[in-house]
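Colleague: With the sequence up front, the predicted model follows.
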Amino acid sequence: MPDRLAARAAGAAASEMKSIIAVSLGALLLSACSSTPTYGPGVLVLPGTNRTFDQFRFDEQDCRGYAQTQITKSNQEQDSAGSFQQRYDRAFLQCMYAKGHKVPVSGRYSDSAESTQSAARTPPPPPPGPPPSEAPPDYRPTK
């Protein structure tokens, strides 16, 4: 019977050790969640003209790091500058555009009605009198 009690005590000690390991592992996992979150781009960027895919991948990693630095560096501006994701996306797009890649542009970028009206107008007439003597040859009157 003493052997049975010793085996039971050893089993209890092993069970207690497993519980300690499980609690420690859980605490470790929870502490990993409390670090600064890592964001990713929420927008589609395409490789620029005459850019290889390897250049694109290198630039994308570089711009991800740049955008992450920008949002962690400017916590004071978070209320007026939008959410973390919006600020990350803006910094990421600026970086990728600066490196020559294609970024999305909003459809509200230009007013098509205004551009067609200005294209339909005729240019104003030239000022009266002969052109100055330093005018290019194609603007001088022919004799």
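Modeller: That came through fine.

Colleague: in the protein, which spans are strands?
Modeller: Remark: strands of the chain are absent; assignment by DSSP state E.

Colleague: quick one: low-confidence ranges for this protein?
Modeller: 1-14, 17, 22-38, 74-81, 107-120, 135-143 (pLDDT under 70).

Colleague: so where do the helices sit in it?
Modeller: For the chain, the helices defined by DSSP state H cover 2-33, 53-73, 78-81, 84-98, 112-120.

Colleague: what does the second one contact?
Modeller: Among residues not part of helix 53-73, those counted as contacts by C-beta atoms under 8 Å, 6 or more residues apart in numbering are 36, 38-41, 45, 47-48, 84, 87-89, 91-92, 95-96, 99, 101. Bear in mind the C-beta positions are built from the backbone N, C-alpha and C, glycine included.

Colleague: Please convert the buried members of those residues into PyMOL selection syntax.
Modeller: Those of those that count as buried under 16 or more other C-beta atoms under 10 Å are selected in PyMOL with:
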select buried, resi 39+41+45+47+48+87+88+89+91+92+95+96+99+101
